[in-house]
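attaching a predicted model along with its sequence, questions to come.
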Amino acid sequence: MSQAIEDYALIGNVHTAALVGRNGSMDWLCLPRFDSEACFSALLGSPQNGRWLISPKGEIGSIRRRYRKGTLILETEFTTTGGSCAVIDFMPAPENEDEIGVVRVVEGRRGSVAMQTEFVLRFGYGRVVPWLRRREDGISVIAGPNAVQLRSPVPFASDDFRSTAEFVVSEGERVPFVLSWHRSHTQSPPARDPLLLLDEAETRWRAWSGRCVCMGPWGETMRQSVIVLKALSYAPTGGIVAAPTTSLPEEIGGPRNWDYRYCWIRDATFTLYALLISGFLDEARAWREWLLRAVAGQPEQLQIMYGLAGERELPEREIAWLAGYEESRPVRVGNAAHSQFQLDVYGEIADAFHVARRYGIEPHDGSWRVEKTLLDFLETAWKRPDEGLWEVRGPRRHFTHSKVMAWVAADRAVKAVERFGMVGPIERWRALRDAIHEDVCRRGFSVKRDAFVQFYGGCELDAALLMMPLVGFLPACDPRMVATVAAIERELMVDGFVRRYATASGVDGLPPGEGVFLACSFWLADNYAMMGRRGEAQVLFERLLALRNDVGLLAEEYDPRSGRQLGNFPQAFSHVALINTAHNLTTRLGPAHSRAEQV
């Protein structure tokens, strides 16, 4: 049985990532990159679908975990009756894109500890059993295009398509295990000194995280989340995946299980702010460049998400042979939502370019042309219904948030001319901005409900409406926004946290049931801060921080009833929201106030 989602920790090397459980089992790893087929997939089914366990043999007294400061190097310390040891997990920087590795070092710290390891490698999400051959320095594995070498001084025995070993580690000893992936038609990479790799990884991570300028009471908290964002970035292209996993459920046993190993346009502006305000200009520039490449094409062809290199075809299929996390079916690979029409992405792109200009990222010849082309399209397209921010699989509607983000696109185009001297039909764009604003205020606000509603003519609420002050559509203290926040507090809050919307309404075409959405809860804290309710904002923020696991990670959602994290993990959107809200509570120049600034 899989461990709780929050029992996992992340390791990565900006090419791919792995999840390691508290018990020392690596249950999820995709090679050679985030969205490739998994070779460890026990997270979504039986351990026989692939895992790599290293843990003490017998009873364990206690387990403590931590990341080495300023790094993504994980230390899991086990205490037994015989002594204590630590399993140190990390992914070294690859020498090239066609070479990925994982290093695990068992370090004796007190007495002697009897250890065990089990290595079950499967490709194709558990379906492909590879050929396995023992070597003098470990194990060689091959299946189709994939080849893996596992090197260690510990001798392995192989039986029933699994490899096992037992060994003893004493105080002061280090026992290394090095996994290296390469393409099966090429030579295996040469052996590299695992202890030297460990030193190099620690130096590299600390040099990078040392650039963080986050200050104040949550400075270290923000730095931890920025490290998560770095780990979820794909260095060759600058893309940032929403999460390194697929099909971790939004409700245990339910069908809301999606593949998040792609790059979402909706994250663009939030991510840029989180990187820029934290001092990481190079990463922000790389993300902006990824956006420009990904959105190239006709405006009507714009997608809500893309692959790591900007791939557009992300066909969704079900993996029937995997039982799913705690029997949560189906397990999905790919995401059919990539073909949806969502108006909000046009606003996110325009806002991302605006933020880049404000922070002095070098202008790009193509960005303004792209923005003007998008505005030409939006002059008529903003009147169309869409699937909305939450990617509903029901009918298209006139979602209020979508219209607000179309307004953002027009507003940022106007600001580009007024503030930065760009050339464009400003009077036309001002008229477009005014028309959308009037339409939203007239058709998106329900007098009967005394609140903005999820879609025109409807009566349901939507936490996405909390974005209205954050993007500058209305001041947070506008009576209509105050009333909308009050309605969300009454109807969408569970134990003080915010649900996205009432899934029982059937608006999304799926069975009801999911946890509270962490990013939305951070948005509520932002609204509180902008309304002058700073005490309430800080209380909510601290409660959200308390939901992080022992190594500071957040999933997409949380179940207040069971006290468990839900959804794909760790979630970039949650950590981006954490960083931005911390800045909003630390300085008057935080992203919420900055993004909402009016001309």
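Okay, I see it.

now do the same contact list for residue 87.
24, 54-55, 75-76, 78, 104-107 (Cβ atoms under 8 Å, 6 or more residues apart in numbering). For glycine as for every other residue, the C-beta is placed from the backbone atoms N, C-alpha and C.

for residue 580, that is, sorry about that
So residue 580 contacts 270, 273-274, 277, 522, 526, 590-592 (Cβ under 8 Å, 6+ apart).

wait, a strand at it?
No: looking at residue 580 with DSSP: H, G, I helix; E, B strand; the rest coil, it is helix, so not inside a strand.

give me the nearest residue to it, chain neighbours excluded.
Closest residue in space to residue 580, ignoring its immediate chain neighbours: residue 591 at 4.4 Å, by Cβ to Cβ, 6 or more residues apart in numbering.

any figure for the gap between that neighbour and residue 275?
For residue 591, the distance to residue 275 (Cβ to Cβ, to the nearest Å) stands at 11 Å.

what mean pLDDT would you report for stretch 456-465?
Across stretch 456-465, pLDDT averages out at 97.

quick check: domain ranges of the chain?
The record's domain split for the chain, according to automatic domain parsing, is 5-187, 214-595.

out of those, flag the one nearest residue 195.
domain 5-187 (6.6 Å; Cβ to Cβ).

as a markdown table, the domains of the chain with distance to residue 207 would be great.
As requested, the domains of the chain are arranged in a markdown table below (distance: least, Cβ to Cβ, whole Å):
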| stretch | distance to residue 207 |
| --- | --- |
| domain 5-187 | 9 |
| domain 214-595 | 12 |
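
quick one: which of the ones you listed is nearest residue 197?
The nearest among the domains of the chain, by Cβ to Cβ, is domain 5-187 at 4.3 Å.

avg pLDDT for whichever helix in the chain runs longest?
Ranked by residue count under DSSP state H, the longest helix found in the chain is helix 400-420. Helix 400-420 shows a mean pLDDT of 97.

can you name the element that comes right after it?
helix 426-443 (DSSP states H and E).

dump the one helix or strand residue 348 maps to to PDB, restricted to CA.
Counting by DSSP H and E, the element that carries residue 348 is helix 344-358. Listed next in PDB are the C-alpha coordinates belonging to helix 344-358 (Å, rounded to 0.1, in the frame of the first residue of the first chain):
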ATOM      1  CA  ASP A 344      -7.900  33.300 -19.100                       C
ATOM      2  CA  VAL A 345      -4.700  32.200 -20.800                       C
ATOM      3  CA  TYR A 346      -4.700  35.300 -23.000                       C
ATOM      4  CA  GLY A 347      -4.800  37.500 -19.900                       C
ATOM      5  CA  GLU A 348      -2.000  35.500 -18.200                       C
ATOM      6  CA  ILE A 349       0.300  35.800 -21.200                       C
ATOM      7  CA  ALA A 350      -0.300  39.600 -21.600                       C
ATOM      8  CA  ASP A 351       0.200  40.000 -17.800                       C
ATOM      9  CA  ALA A 352       3.400  37.900 -17.900                       C
ATOM     10  CA  PHE A 353       4.900  40.100 -20.600                       C
ATOM     11  CA  HIS A 354       3.800  43.200 -18.600                       C
ATOM     12  CA  VAL A 355       5.500  41.900 -15.500                       C
ATOM     13  CA  ALA A 356       8.700  41.200 -17.500                       C
ATOM     14  CA  ARG A 357       8.700  44.700 -18.800                       C
ATOM     15  CA  ARG A 358       8.200  46.200 -15.300                       C
END
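
show me what the next helix or strand after it is packed up against.
Using DSSP H and E, the next helix or strand after helix 344-358 towards the C-terminus is helix 365-381. Packing contacts for helix 365-381, counted by 3 or more Cβ pairs under 8 Å, 6 or more residues apart in numbering; DSSP states H and E, involve helix 281-294, helix 344-358, helix 400-420, helix 426-443.

try 7 Å
When contacts are defined as 3 or more Cβ pairs under 7 Å, 6 or more residues apart in numbering; DSSP states H and E, helix 365-381 packs onto helix 281-294, helix 344-358, helix 400-420.
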